[in-house]
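K.L.:
make a model of this:
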Amino acid sequence: MHTMWLPILLTFVLAGIVKGITGMGLPTVSMGVLGLLMAPANAASLLLIPSLVTNVWQFAAGPNRMATTRRTWPMLLMICLGTVASAGLLTAFAGATAALGIALILYAAISLARFHLSVPHRAEPWLSPLIGATTGVVTGATGVFVIPAVPYLQAIGLQRDDLVQALGLSFTVSTIALAIGLAAHGALHITAAAMSLLCTIPALLGMFLGQAIRMRVDPGTFRLCFFIALLLLGADLAARAVT
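P.N.:
Numbers count the residues shown, from 1 in each chain. Coordinates of the predicted model:
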């Protein structure tokens, strides 16, 4: 592990930059890049504290914390239950790396396609728990929090600031649930927690850099490059897993 410290720290700087520019992407980038270096369960252990700190910050900085929580709590509850129940897949499933690659490919492909989905308010009471349970299973199996929670939150008509806040809350809940699931399956140890805490520093540094860069780059161009890179990264992970 000592020989991998530099690439690990640089990974969290990169993931922080992406989050600073786009408001999301730290767990996704971390899992994708670290998945090239280590088992997905080990990568998930490293991202827990950086993800928790940055997403709590993102949620707390928004103006409508209670309203966002009230609207999304059925999804959040099922994310918790689904993640804890399925976290054993990340620790024991032989195809976890392939599953991680496929999840990244799906997320990148959906984002690049720019589908303009719209969920009517009347559908939220039954669809929100379903989305949460599905997201929980994907999180437990891959360590990636975004499918299908992010497209769903983008489709329910939230204002931009409320959407950023809802994403921060969703990722916070997913991180806590993943930590509980990994601990329950014996995959989270004090050493991993200490390493995860250390990784928070480059993640925050990257986030500050990303916020500064955001003022100087075209968001559409960056978004395009980011999702193309994510697509290629997912394809590489999936290919490595089957060869």
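K.L.:
CA only for contacts and neighbour counts going forward, please
P.N.:
Will do.
K.L.:
any idea how far residue 22 is from residue 163?
P.N.:
12 Å (C-alpha to C-alpha, to the nearest Å).
K.L.:
please apply the same query to residue 186.
P.N.:
For residue 186 relative to residue 163 (C-alpha to C-alpha), the value is 34 Å.
K.L.:
cool, and residue 191?
P.N.:
Applying C-alpha to C-alpha to residue 191 and residue 163 gives a distance of 35 Å.
K.L.:
just residue 81 next, same as before
P.N.:
From residue 81 across to residue 163, the span is 23 Å (C-alpha to C-alpha).
K.L.:
where exactly do the helices run in the chain?
P.N.:
Using DSSP state H, the helices of the chain run over 5-22, 26-34, 40-60, 65-86, 88-92, 96-113, 124-142, 149-155, 160-184, 190-214, 219-242.
K.L.:
tell me which of these sits most buried.
P.N.:
Of those, the one with the most neighbours on average (mean count of other C-alpha atoms under 10 Å) is helix 26-34, at a mean of 26.
K.L.:
so what touches it?
P.N.:
Residues outside helix 26-34 that contact it (C-alpha atoms under 8 Å, 6 or more residues apart in numbering): 8, 11-12, 14-16, 18-19, 40, 43-44, 47, 51, 100-101, 104, 143-146, 230, 233-234, 237.
K.L.:
tell me if I'm right that residue 200 and residue 52 touch.
P.N.:
No: at 9.3 Å, residue 200 and residue 52 do not qualify as touching, with contact defined as C-alpha atoms under 8 Å.
K.L.:
any idea how many residues pack against residue 189?
P.N.:
Other residues within reach of residue 189, judged by other C-alpha atoms under 10 Å, total 11.
K.L.:
might one say that it is in contact with residue 183?
P.N.:
Yes: using C-alpha under 8 Å, residue 189 makes contact with residue 183 at a distance of 7.5 Å.
K.L.:
OK, contacts around the nearest residue in space to residue 61 that is not next to it in sequence?
P.N.:
Closest residue to residue 61 apart from its sequence neighbours, by C-alpha to C-alpha, 6 or more residues apart in numbering: residue 165 at 7.7 Å. Shown in contact with residue 165 (C-alpha under 8 Å, 6+ apart): 58, 59, 60, 61, 62, 64, 65, 68.
K.L.:
next one: residue 66
P.N.:
Residue 66 neighbours (C-alpha under 8 Å, 6+ apart): none.
K.L.:
show the pLDDT at it.
P.N.:
For residue 66, the model assigns a pLDDT of 89.
K.L.:
measure it to residue 112 for me?
P.N.:
Applying C-alpha to C-alpha, the value for residue 66 to residue 112 is 32 Å.
K.L.:
for this structure, which spans come out with low pLDDT?
P.N.:
1-3, 93-94, 241-243 (pLDDT under 70).
K.L.:
list the contacts for residue 123?
P.N.:
Applying C-alpha under 8 Å, 6+ apart, no residues qualify as near residue 123.
K.L.:
the chain should start at 46 in everything you say after this.
P.N.:
Got it, the first residue is 46 from now on, which makes the last one we talked about residue 168.
K.L.:
which single one of the contacts of residue 210 is nearest to residue 267?
P.N.:
Using C-alpha to C-alpha, residue 103 comes nearest to residue 267 of the contacts of residue 210, at 20.3 Å.
K.L.:
so the closest one touches residue 211, yeah?
P.N.:
No: assessed by C-alpha under 8 Å, residue 103 is found out of contact with residue 211, at 9.0 Å.
K.L.:
ok, back up a step: tell me the one among the contacts of residue 210 nearest to residue 178.
P.N.:
Nearest to residue 178 among the contacts of residue 210: residue 113, at 18.7 Å, using C-alpha to C-alpha.
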